[in-house]
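Chemist: Kindly return the folded structure for what I paste below:
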Amino acid sequence: MSASEDFDEISGDRPDKIKNSNTIEALTEIENTSGDSMKGTFDENDLRDLQVLLDQPQKHVTPFETYISYQISTKTRRIEFEKQNYVVRRRYSDFEWLKNQLSVCYPTLIIPPLPEKHSLFEQIDRYDRDFITSRMLLLHRFLNRLADHPVLSCDKKYQAFLIDTPVEFSTFKKSFTGFGLFGKVSESLQNMASSYISKSRTVEFEKMSEYVDKLSEKIHTMEKIGQRIQKERIAYLQDLQMMQPILNHWRAYEPNLSEGLQAIGEASNTCAESRRKLVDSQKPNLSVPLHEYGLYIESAKDALRNRDNAQMDYEVHMEQLCRVKAEQTQLETAPLSDHPVMFGMNMWKSPEQVQQQRMQQLEAGASTLAQQVEVSRDKMECANENLRADFERWNQIKSRDLKNILQRMADLHINMYEQSLAAWSAALPTVKNESQ
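Modeler: Numbering: from 1, shown residues only. Sure, this is the predicted structure:
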């Protein structure tokens, strides 16, 4: 059953209800020509208990702004949802809000990336059909990565994103305005944290950091190589496309070679067409997915940095506690004559009174710091466990996704070479007959 058939039964969430908008040109179809090309359906063989489908981008024009919204259809069997099917519309800024909230609430989980606001490789109209189609596919991937995540898929903000009406969702967003522990940190503090942690990060997480750094370099290198190959492939395609017109012109002057030249021209034209398909498939099947995985790797780096911040918070409190305890020990063991003379409020007090007062202050400070150490230790251990489990899960998904990307490109290359081989094989007998 298609997604539209699934949702026809939903009286309160049907798309036509959303047309009661205050826009001047509400829900204008992109170029008014999208038809079924931008409509998706749920996979009947998909057994997941939470499935999300994003499709049907539509253009909104108001007196103040123009933007694109996307239809999000949700199909679920989870008990926390009141219904099994929902349909809502969201714009890109709603996705940004969700991503930011999840990053704040789950700082040591690897949050899937959003597509960037503008084209990756060229300056184009952000209402261009190809750009919107590419963004739609990436947003669909973002939502389904969240749906597959054992923790993020249960988050109340994600669930509200999937099911709330526009008014309900707007109200819901206004209730989340603060920042968590890792919400906002100044650049100077981040630099200090990175230099501090580089000396004390555990071996396990140091290896994780080295791995994602190397993986990021490899992905970036693959991107650059792919762009260079694409330029060379386009140049070769342009030359190949000129073959048939030249050979047709040649046939007029060589009647005895006409059939052979025609066969070669047709084979060249077939090769050019198969290579054009490969050129067109490079961006959606390799360039964009690789760049998006580069963003995913940056999310992994963010999670590592946040775990480092939790460790730094623990170690700073621990060092402060150690200094207080060291001073307590010194006061307990040193003779009174060795204590510094205290002026101000303590000038009329005896050394014994000064020592006792200082010991009381240190004891109170040690008690407070001990509690802070316990809290920060718990946070650090939670951060370690969260990142350890999520990194292992992410690593498995990453291996599968990158393998699929490369296999898909290999299949496209094989298809191109098979078509080219078949074209030249068909032309070869005619060319041989011409030469005899």
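
Chemist: Name the helix or strand for residue 51, please.
Modeler: Following DSSP states H and E, one finds residue 51 within strand 50-61.

Chemist: Next, the buried residues of that strand.
Modeler: Buried residues in strand 50-61, counted by 16 or more other Cβ atoms under 10 Å: 50-60. Just so you know, the C-beta spots here come from the backbone N, C-alpha and C atoms, and that holds for glycine as well.

Chemist: Format the CA atom coordinates belonging to that strand as PDB.
Modeler: Extracted in PDB, the C-alpha atoms of strand 50-61 (Å, rounded to 0.1, in the frame of the first residue of the first chain):
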ATOM      1  CA  LEU A  50       8.900   3.200  13.400                       C
ATOM      2  CA  GLN A  51       9.100   4.200   9.800                       C
ATOM      3  CA  VAL A  52       9.400   7.700   8.400                       C
ATOM      4  CA  LEU A  53       8.800   8.900   4.900                       C
ATOM      5  CA  LEU A  54       9.700  12.400   3.700                       C
ATOM      6  CA  ASP A  55       8.500  13.600   0.300                       C
ATOM      7  CA  GLN A  56       6.300  16.100  -1.600                       C
ATOM      8  CA  PRO A  57       8.300  19.400  -1.100                       C
ATOM      9  CA  GLN A  58       6.100  22.400  -1.500                       C
ATOM     10  CA  LYS A  59       6.800  26.100  -1.800                       C
ATOM     11  CA  HIS A  60       5.300  28.700   0.500                       C
ATOM     12  CA  VAL A  61       5.200  32.400  -0.400                       C
END
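
Chemist: Just want to check the distance between the residue nearest to the spatial centre of the chain and residue 242.
Modeler: Here the mean C-alpha position of the chain is nearest to the C-alpha of residue 113 (Cα atoms, centre = their mean), at a distance of 1.4 Å. Distance from residue 113 to residue 242, counting by Cβ to Cβ, to the nearest Å: 41 Å.

Chemist: In this structure, what residue spans correspond to helices?
Modeler: 3-7, 92-105, 129-148, 156-163, 166-174, 187-197, 203-241, 243-251, 258-282, 288-333, 351-435 (DSSP state H).

Chemist: hang on, the earlier thing: what's near enough to touch the closest residue to the residue nearest to the centre of the chain other than its chain neighbours?
Modeler: Using Cβ to Cβ, 6 or more residues apart in numbering and skipping residues adjacent in sequence, the residue nearest residue 113 is residue 295, 3.6 Å away. Going by Cβ atoms under 8 Å, 6 or more residues apart in numbering, residue 295 touches 113-114, 116.

Chemist: same thing with residue 304?
Modeler: Contacts of residue 304 by Cβ under 8 Å, 6+ apart are 205, 208-209, 212, 387.

Chemist: In JSON lines, list these along with neighbour count and pLDDT.
Modeler: Formatted as JSON lines, the contacts of residue 304 follow (neighbours: other Cβ atoms under 10 Å; pLDDT from 0 to 100):
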{"residue": "205", "neighbour count": "19", "pLDDT": "93"}
{"residue": "208", "neighbour count": "21", "pLDDT": "95"}
{"residue": "209", "neighbour count": "18", "pLDDT": "94"}
{"residue": "212", "neighbour count": "23", "pLDDT": "96"}
{"residue": "387", "neighbour count": "24", "pLDDT": "96"}
